[in-house]
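In: only geometry, no sequence info:
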């Protein structure tokens with residue numbers, strides 16, 4: 001692959017990576033420690049990711065257990081979880097915090113599946129916009145006689161193959177997450 005196309009490929013890869021992290025944060029009825037990835041805890045005056053101040057484990061399919069390194073962090077962790085948008089109230093027994101995930105209703109599953117599909121479509125649009133930007137740049141180079149017509153055709157073909165590859169990846173990720181959500 002030409003060096004000039006690598007820039008666009010890395011942008012497409014970043015778009016897919018952003019989608020994957022978004023999808024990981026969507027809870028699908030099972031306890032997934034990734035929903036805590038964006039939660040920060042006030043640790044001696046500075047915000048720290050939850051995973052850096054506590055041990056996060058999944059003892060059961062629908063429960064996450066958080067054991068802080070220091071007992072004094074129980075309240076700040078509990079507060080951080082309550083102010084986050086995960087929608088689960090923490091249970092605190094003085095030494096560990098437990099998050100129990102309720103079973104998702106059929107309606108909620110369908111809502112989440114629709115949301116996943118929407119995120120997938122937005123990512124596909126982003127990938128296609130990157131392709132358009134790449135094609136515009138290549139056409140400009142051709143206009144300025146920096147590349148030949150044959151090179152232009154080759155670049156456009158490679159750009160399309162790259163786009164198809166990432167769109168297929170997006171569809172696969174969306175399908176996998178939708179299946180995970182709809183599995184009771």
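Out: Perfect, I can see it now. Predicted, not measured: the structure shown is a model, and the values here were computed from it.

In: Now do the same for the residue of the chain most remote from its centre: helix, strand or coil?
Out: When distances are taken from the C-alpha mean of the chain, residue 145 lies farthest, 41.0 Å away, according to CA atoms, centre = their mean. What DSSP: H, G, I helix; E, B strand; the rest coil gives for residue 145 is coil.

In: ok, it - contacts?
Out: For residue 145, the contact set (CB atoms under 8 Å, 6 or more residues apart in numbering) is empty. No exception for glycine: its C-beta is placed from N, CA and C like everyone else's.

In: Now do it against residue 137, distance only.
Out: 15 Å (CB to CB, to the nearest Å).

In: again, but for residue 73
Out: Here the criterion is CB to CB. By it, residue 73 lies 50 Å from residue 137.

In: same deal with residue 113?
Out: 37 Å.

In: The two: who's more crowded?
Out: Set residue 113 next to residue 137 and count neighbours by other CB atoms under 10 Å: residue 113 wins out with 19 against 16.

In: dump the residue contacts of the closest residue to the more buried one other than its chain neighbours.
Out: Leaving aside its chain neighbours, residue 113 sits nearest to residue 178 (4.8 Å; criterion: CB to CB, 6 or more residues apart in numbering). Residues near residue 178 by CB under 8 Å, 6+ apart: 113, 116, 117.

In: who are the neighbours in contact with the first one?
Out: What it means is residue 113. By CB under 8 Å, 6+ apart, the contact list for residue 113 reads 178, 181, 182.
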